[in-house]
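1. Sequence first, predicted model second:
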Amino acid sequence: MALPKILDDALDTLVVPGFSRIGYLVRAGQFDPLDHNALAGKTVVITGPTSGLGSAAAHQLAAMGADLILVGRSAEKLERTKSELVRGSETQNFQIVVADMGDLEAVRQASQLILKSTTTLHALIHNAGALLKTREVSPQGYEATIATQVLGPHQMTTDLLPLLRSSSGRVITVSSGGMYGATLTNAALNQSPEMLPAQYDGTRQYAIAKRIQVTLNEMWAIREPLVSFAAMHPGWADTPGVQESLPAFRRVMKPLLRSSEQGADTICWLASCSEKIDSGKFWCDRASRTTHRLSRTRKSDTPEARAALWKWCNERITQ
């Protein structure tokens, strides 16, 4: 039985109860348990699986029987995570692929390894990302937040489309509620998604990247009808990323923060549910949510801005 919509909407509108542990606990009382056999024999790729939401998701996906391909920057951390995963059967397979999602050439090589290692792909989960305090650049010269959370995932999705199409696969992008405060930049008006050094603000850059993720999710859904696309936000979870990047926020909100497992629940639900999900939607706590709360962000989201964004991304990835 679903939570009454009026209560669910009220939690979401008030933000703090909806994004916090309170919202999860109220809604989770209505959730069906995740099916522990739902992913048996199915291959799932997940980026950023060594800590926080990614680690929680990887453990839950493994518990549901998934064959996992773990993509991350550190071979040591990937091996440690792999060793911690519990196999449900002797045939269950876990692999690691070392790649920095901000390095487009490394992403391209990782995609080729994945294409060689499996003939089917049930789900691709874009989870890797961090909120940077200072401006950094990728090996290709792009601002690191945009490179890791926009261009890298766009590259990998493009590369793995043959597998995703043939498998009727799913692409799940882990975004953030922080995107609600960000407008969609319009490259056609010389508005770059990459903030310049003089004006750089890591929190704002992160929000811009997360807004772009949600927009690209909608655009991919239109372009690729054989693949299901979903973006989600996990609410406010007490992850290592939050502890490091937002210490003041964590100090104030700690009693209300979700666990990583609670934040990762919708990722695993989207990956495992047997019902067909409307492609291109934005989710939190197993329900689709609005992508705009402010008139200024809605006004920025024009067909021209979307077309320019798609062109901007495609011009920068290695086709």
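-> Yep, that arrived.
2. which stretches of this structure aren't confidently modelled?
-> 1-2, 319 (pLDDT under 70).
3. Report back the residue of it that's furthest from centre.
-> E90 (29.5 Å; Cα atoms, centre = their mean).
4. What separation do you get for that residue and P49?
-> 22 Å (Cβ to Cβ, to the nearest Å). Where C-beta positions appear, they are placed from N, C-alpha and C, glycine not excepted.
5. and stretch 92-102, C-alpha only, in PDB?
-> Provided in PDB are the C-alpha atoms of stretch 92-102 (Å, rounded to 0.1, in the frame of the first residue of the first chain):
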ATOM      1  CA  GLN A  92      28.000 -15.200  -9.200                       C
ATOM      2  CA  ASN A  93      30.800 -13.100 -10.600                       C
ATOM      3  CA  PHE A  94      32.500  -9.900  -9.400                       C
ATOM      4  CA  GLN A  95      35.000  -8.000 -11.600                       C
ATOM      5  CA  ILE A  96      36.900  -4.800 -11.200                       C
ATOM      6  CA  VAL A  97      37.800  -2.200 -13.800                       C
ATOM      7  CA  VAL A  98      40.200   0.600 -12.900                       C
ATOM      8  CA  ALA A  99      39.200   4.000 -14.400                       C
ATOM      9  CA  ASP A 100      38.900   7.600 -13.300                       C
ATOM     10  CA  MET A 101      35.500   8.700 -14.600                       C
ATOM     11  CA  GLY A 102      36.900  12.200 -15.200                       C
END
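6. Now do it: everything it contacts.
-> Stretch 92-102 is contacted by residues 47-48, 62, 65-75, 78-79, 82, 85, 87, 106-107, 109-110, 113-114, 117, 128-129, 138-139, 142, 144, 147-149, 151-153, 156 when judged by Cβ atoms under 8 Å, 6 or more residues apart in numbering.
7. Filter those residues down to the buried ones.
-> Burial by neighbour count, 16 or more other Cβ atoms under 10 Å: within the contacts of stretch 92-102 this picks out 47-48, 62, 65-73, 78, 82, 85, 106-107, 110, 114, 128-129, 138, 142, 144, 147-149, 151-153, 156.
8. Could you list which of these belong to helices?
-> Here DSSP state H is the test, and those give A62, L78, K82, A106, V107, A110, I114, A144, G152, P153, M156 as lying in helices.
9. which of those residues sit farthest apart?
-> With Cβ to Cβ as the measure, no two of those lie farther apart than A62 and A144, at 29.4 Å.
10. Which strands and helices lie in contact with the top helix by length along the chain?
-> If you go by DSSP H, the chain has its longest helix at helix 202-223. On a contact count with 3 or more Cβ pairs under 8 Å, 6 or more residues apart in numbering; DSSP states H and E, helix 202-223 meets helix 144-146, helix 152-166, strand 170-174, strand 228-232, helix 303-316.
11. Looking at these, which is nearest to D12?
-> Closest approach to D12 among these is made by strand 228-232 (13.4 Å; Cβ to Cβ).
12. Measure how that closest one sits relative to helix 202-223, angle-wise.
-> Strand 228-232 and helix 202-223 are oriented at 160 degrees to each other (axes from the mean of the first three to the mean of the last three Cα atoms, to 10 degrees).
13. Which strands or helices does strand 228-232 pack on?
-> Short answer (3+ Cβ pairs under 8 Å, 6+ apart): strand 228-232 packs on strand 170-174, helix 202-223, helix 260-272, strand 281-284.
14. Pick the most buried one from the ones you listed.
-> Neighbour counts (mean count of other Cβ atoms under 10 Å) averaged over each of those peak at strand 170-174, with a mean of 26.
15. what lines up beside that strand in the sheet?
-> strand 123-126 (parallel), strand 228-232 (parallel) (DSSP bridges).
16. CA atoms only for the shortest one, dumped as PDB, please.
-> It stands for strand 123-126. Extracted in PDB, the C-alpha atoms of strand 123-126 (Å, rounded to 0.1, in the frame of the first residue of the first chain):
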ATOM      1  CA  ALA A 123      22.000  -2.000 -15.600                       C
ATOM      2  CA  LEU A 124      24.700   0.700 -15.700                       C
ATOM      3  CA  ILE A 125      24.700   2.800 -12.500                       C
ATOM      4  CA  HIS A 126      26.500   6.200 -12.700                       C
END
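17. And the strands in the stretch 1-150 of the chain?
-> 43-47, 67-72, 94-98, 123-126 (DSSP state E, counting those that start in this stretch).
18. so who does the most centrally placed residue in the chain touch?
-> By Cα atoms, centre = their mean, the chain has its centre lying nearest to V174, at 1.8 Å. V174 sits next to L53, I125, H126, N127, G129, A231, M232, H233, P234, I267 when contact means Cβ under 8 Å, 6+ apart.
19. list the contacts for the fifth one?
-> By Cβ under 8 Å, 6+ apart, G129 lies in contact with G48, M101, T145, T148, Q149, V174, Y206, A209.
20. would a markdown table of these with distance to L160 be doable?
-> Below are those laid out as a markdown table (distance: Cβ to Cβ, whole Å):
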| residue | distance to L160 |
| --- | --- |
| G48 | 16 |
| M101 | 13 |
| T145 | 22 |
| T148 | 17 |
| Q149 | 17 |
| V174 | 17 |
| Y206 | 25 |
| A209 | 21 |
